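**Student:** Next comes the sequence, and after it the predicted model I'd like to discuss.
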Amino acid sequence: MCVEPAPPPPGRLTRRGVLAASAALAGTATALASGTATAAGPARRPARTGDLVVEGGTLLDPATGDVTEDAIVVIRDGVVRAAGPRDRVDIPADAHRLDAHGRWVLPGLIDAHIHLNTAAEARDAVRQGATSARSGSTNFYQDIAVRELARQAPRHAPRLKAAGVFVTPDLGDTVLADPDLTPLVRLKDGVRSAEALRRVVSVNLARGVDVVKTRVNERAGLADQDPLTQVYSHAQLSEVVAAARRGGKGVLCHSYSEKGCHDAVTAGIRSLEHGVFVGERTLHEMRRRGTYFTPTLTAIAGLAETSDPVLAERGRTFLPVLERAVLAAHELGVPLAAGTDSSGGSIDPIGREVELMRAAGLPALDAIRTATTGAARLLGLDGTAGRLARGHAGDVLLLSGDPLADVSVLKSPLRVVRSGVAL
């Protein structure tokens, strides 16, 4: 059965309604609301950014690898105005200062694959060092509301690239996320036809997503599914990519099998997620195309720690395979991005993903780059996130030790600064 073409409701009304509903589901409504709402949506507050000087720490620039002792970082209105050695940076006389002596100073980290469904999860992500992130999808557009929360009250959420709802064969209750999705429930085979695939993408685009999320394989985290089973063909993936590109958006793709990975990459996705069994042929194609690899080592390692024997064995089997794939990708020059795939109310520190990148064989600086400069490029945030340089966001981590010697210090930042506000 095909889906009858139908235009979405008028943009202003739709965006207002969806934002209000997703905000309520995400628990962000109180933070979003202030004053009187208008026809264009909830009333907006100016973002609460800060003025701060981070003084005396050892500053690492992930882009260059340069280390500056007794460094000064000056943040005004949430943006870095100067960063460097003390004798080259003017400190404003009235500045509020954060003492970083004896600490290492890094930019806030980036989680390139995370599921933020609530305001509590968003706050937890920031406090664990992820000051920027990319959504791996939510069931009811909660990430749209979390993105808005981050804009209005940065200390409560990472700056976020939202993916909206998953383009997947079985939407389940997600058909209730938007009235324009409900006709899909009548499809016997689910979201598989070109028309159905285009509809889910178009609804996402109408709701203002930044990226589109789809899949090529079943899930590894469900014992009754086989993650090597392919659910979309190359032609179907190409439909998703083409529909997303018409809206100016890239696609991230959940994947496991080598054939699935290759189909996804050659269909034109922007980033390959998980990708446990990605092979050399596909990695060479990724390098040629500039396709990113977000392996979510944290999630795969977590399977081995579950009580379910099927999932535990899957995790033990998959992790060394994925580690080899990550190292091969790095050695070939495939761009890597760190992502925890956190979901279900439990947020893993993005520093854990960096630690696992290091364990897979990446040099410490390159592992750090997967959660800073590399991830920033994937998210289109180079120039905003990933460094503490003039014009970049005033997002700072204070660490207890040298991350180049021991990347595990990234898992437990001593202090987080978000847009110039120390948490």
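**Tutor:** Yep, that arrived.
**Student:** Buried ones in stretch 211-221, by neighbour count?
**Tutor:** When burial is assessed from 16 or more other Cβ atoms under 10 Å, stretch 211-221 yields the following buried residues: 211-221. Placement of C-beta: from N, CA and C, glycine included.
**Student:** likewise stretch 316-329?
**Tutor:** By neighbour count with 16+ other Cβ under 10 Å, stretch 316-329 contains the buried residues 318-319, 322-323, 325-326, 328-329.
**Student:** Ramachandran coordinates for residue 343?
**Tutor:** Main-chain torsions, residue 343, degrees, to the nearest 10: phi -160, psi 170.
**Student:** right, and it touches residue 115 too?
**Tutor:** Yes: Residue 343 is within contact range of residue 115, at 3.7 Å (criterion: Cβ atoms under 8 Å).
**Student:** Between these two, which is the more surrounded one?
**Tutor:** residue 115 (23 against 19; other Cβ atoms under 10 Å).
**Student:** so the more buried one touches residue 340, yeah?
**Tutor:** No: under the criterion of Cβ under 8 Å, residue 115 is not in contact with residue 340, lying 9.4 Å apart.
**Student:** Can you get me a residue count around the closest residue to residue 279 other than its chain neighbours?
**Tutor:** Distances taken as Cβ to Cβ, 6 or more residues apart in numbering put residue 258 closest to residue 279, at 4.3 Å, once the chain neighbours are dropped. Residue 258 sits with 18 neighbouring residues when counted by other Cβ under 10 Å.
**Student:** residues in contact with residue 258?
**Tutor:** 277-279, 281-282 (Cβ atoms under 8 Å, 6 or more residues apart in numbering).
**Student:** cool, and residue 249?
**Tutor:** Residue 249 is in contact with 205, 209-212, counting by Cβ under 8 Å, 6+ apart.
**Student:** Just put these in JSON lines and tack on secondary structure and distance to residue 295.
**Tutor:** Formatted as JSON lines, the contacts of residue 249 follow (DSSP: H, G, I helix; E, B strand; the rest coil; distance: Cβ to Cβ, whole Å):
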{"residue": "205", "secondary structure": "helix", "distance to residue 295": "28"}
{"residue": "209", "secondary structure": "coil", "distance to residue 295": "23"}
{"residue": "210", "secondary structure": "coil", "distance to residue 295": "21"}
{"residue": "211", "secondary structure": "coil", "distance to residue 295": "18"}
{"residue": "212", "secondary structure": "strand", "distance to residue 295": "20"}
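**Student:** Which one of those residues is nearest to residue 417?
**Tutor:** residue 210 (24.1 Å; Cβ to Cβ).
**Student:** Quick check: that closest one touching residue 161?
**Tutor:** Yes: the pair residue 210 / residue 161 is scored as a contact, 4.1 Å apart, by Cβ under 8 Å.
**Student:** who has more neighbours, the two?
**Tutor:** Using other Cβ under 10 Å, the more surrounded residue of residue 210 and residue 161 is residue 161, with 23 against 20.
**Student:** Hmm, the more buried one is touching residue 133, no?
**Tutor:** Yes: with contacts counted by Cβ under 8 Å, residue 161 reaches residue 133, the gap being 7.3 Å.
**Student:** one step back: between the contacts of residue 258, which sits nearest residue 361?
**Tutor:** Nearest member of the contacts of residue 258 to residue 361, counting by Cβ to Cβ, is residue 278, at 15.8 Å.
**Student:** what about the closest one, how many residues close to it?
**Tutor:** The burial count for residue 278: 30, using other Cβ under 10 Å.
**Student:** And for the residue nearest to residue 247 when sequence neighbours are not counted, the neighbour number?
**Tutor:** Distances taken as Cβ to Cβ, 6+ apart place residue 205 nearest to residue 247, at 3.9 Å, with adjacent residues excluded. Counted with other Cβ under 10 Å, the neighbours of residue 205 add up to 18.
**Student:** got it, and residue 345?
**Tutor:** Residue 345, neighbours per other Cβ under 10 Å, totals 11.
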